[in-house]
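# with the sequence up front, the predicted model follows.
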Amino acid sequence: MPILLFISLFTLLDFVLLFSIGSQIGLLSTLILVLGTGFIGLHLIRKEGVSTFARARQRMQMGEIPSQELLTGAALIFGGALLLAPGFLSDALGIACLIPNARQLLMKALTWVGLKGAATKQHTYQRGASGWDASGEKPSSNGQDGPIEGEFISGDDDPRCR
C-alpha cells in the first residue's frame, strides 16, 4: 500500500510541476523540453546499455556472476520508463538513473533506506513440530516425541476382488 501511495503522489506532483512550468514557458517550449529529454534519454540508454552488456558478457566469460551489471541494467530500464512518461520530475529521475555517478548514488541511497527499513522490523521464529511458528508457542503434541508407527498402503495398488 505505501508503494501505491508513493507512485500516486509522485505522478500527481509530476503533472502539477509539468503544468506549472508549462503555463510559465508556453506549450511549444514545454513540448520541446519533454521531447528533448526523451531523445537525450534514449541516446544515453543506448550508450550505457551497450557498455553494460559488454561488461556483463566479459564477466560471464571470466566465470563470474555479473550482479552489478544486472543492477545497472535494471536501473537503465527503470530510467528509460521514467523518460517515456511526460513530466519534468520523472525526466530528472530518469536521467539520474542513466548517468553512471548519479546511478551509483541512487543505488547507495536505496540500499541505505532498505537496510534502515529492514533493521526496524524484528521477527522471531521458532521451529515447531508442525513447521515454523511465528508466535513462539510450542505446538500441541500427541504425547509422542519419537517416530509414529503405522501401516502404509500404497494408493496405486489394485484392490483384489475375491
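All right, it came through fine. This structure is a prediction, so every number in the text was calculated from the model and none was measured.
# the helices in the protein, which residues?
Under the criterion DSSP state H, helices of the chain are mapped to 2-25, 27-61, 67-84, 88-98, 100-120.
# next one: the nearest residue to F78 once chain neighbours are set aside from L44, what distance?
In this structure, F78 finds its nearest non-sequential neighbour in C97, 5.6 Å apart by C-beta to C-beta, 6 or more residues apart in numbering. C-beta coordinates here come from the backbone N, C-alpha and C atoms, glycine included. Distance from C97 to L44, counting by C-beta to C-beta, to the nearest Å: 9 Å.
# which one's more surrounded, these two?
More neighbours surround C97 than the other of C97 and L44, with 25 against 20 (other C-beta atoms under 10 Å).
# how much space separates the most centrally placed residue in the chain from T52?
Taking C-alpha atoms, centre = their mean, the centroid of the chain lies closest to A74, which sits 8.4 Å from it. Note on A74: its distance to T52, by C-beta to C-beta, is 10 Å.
# contact partners for L18?
Residues near L18 by C-beta atoms under 8 Å, 6 or more residues apart in numbering: T30, V34, P86, G87, F88, L89.
# return the member of these nearest to F6.
L89 (12.9 Å; C-beta to C-beta).
# now the closest one: how far from V113?
Applying C-beta to C-beta to L89 and V113 gives a distance of 19 Å.
# ok, R55 next?
In terms of C-beta to C-beta, R55 sits 26 Å off from V113.
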